[in-house]
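Peer 1: Need a 3D model of the following:
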Amino acid sequence: MSRRVFVSFRYSDGHKYKDKLDRIFDVSTKIINCSETVNRSHLSEESIKRYLYNKLNNTSVTVIIITPEAVNYQKNIWTGTYDDWIYDEVKYSLDDRVGNKTNGLIAVYTEEAEALLMKVTANGRKTIQRFNNLVYENMMNIKPQYKLCKEEGVFDSRWDSYCSLVSWDDFLSNYGKYIDDAVKKRDIIDHYKIKKRM
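Peer 2: Residues are numbered from 1 along each chain as shown. Below is the predicted model:
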């Protein structure tokens, strides 16, 4: 069965990755690419919401490309609110919408962003560093009774986070599996503590 996917990305350093995903998804029989390319800078908040709800309608998964510029959200220095298209896209992906439930999420990080997201501990384990993003807020968020990895502070990378964090190369090598996993987690969303706003 084909999956309808929306791709969120920061244009400044992510458009080449988005273009590559477009080329891959456009020839795939497993993916229907529902991403957009409209400049929304002139639209009001309410218009952006309506526009994104329309674009996200009937999609099941949002893929967020995490480049260095997309790790932390941009804030309006005067109001203290987020003035960030990726934030809007992820925020509205997490909403239950008329005719469409919350999307599954996959955060695909580029090689350039890895050092901003992860560090290696003394025992050789990779740990995720806190970053200012709804992606992070929806990782390691499985409810305790459903946690696959029972070790305290250690999470199963595939199932213990509603939003999977996947390297670019791993995602490209098996994007169908990651998208199917995101749909399965969407179907058991009540197993996760979802944060929809920051």
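Peer 1: contacts for the helix or strand of the chain with the lowest mean pLDDT?
Peer 2: One helix or strand of the chain scores below all others by mean pLDDT, DSSP states H and E: helix 45-56, with a mean of 79. Contacts with helix 45-56, where a contact means CB atoms under 8 Å, 6 or more residues apart in numbering, come from 6, 34-36, 38, 40, 43, 62, 88-89, 92-93, 95, 97, 100, 103. Placement of C-beta: from N, CA and C, glycine included.
Peer 1: Tell me which residues of it come out buried.
Peer 2: Neighbour counts over helix 45-56 (16 or more other CB atoms under 10 Å) mark 48, 51, 52, 55, 56 as buried.
Peer 1: Please apply the same query to stretch 167-185.
Peer 2: Taking 16+ other CB under 10 Å as the criterion, stretch 167-185 shows 167, 168, 171, 175, 178, 179, 180, 181, 182, 185 as buried.
Peer 1: next one: it to chain centre, how far?
Peer 2: In terms of CA atoms, centre = their mean, to the nearest Å, the centre of stretch 167-185 is set 12 Å apart from its chain centre.
Peer 1: On the three-state scheme, residue 150 is what?
Peer 2: With DSSP: H, G, I helix; E, B strand; the rest coil as the basis, residue 150 sits in coil.
Peer 1: List the contacts of it.
Peer 2: For residue 150, the contact set (CB under 8 Å, 6+ apart) is empty.
Peer 1: how does it look with 10 Å?
Peer 2: Residues near residue 150 by CB atoms under 10 Å, 6 or more residues apart in numbering: 144, 156.
Peer 1: Please apply the same query to residue 67.
Peer 2: For residue 67, the contact set (CB under 10 Å, 6+ apart) comprises 9-18, 108-113, 116, 168.
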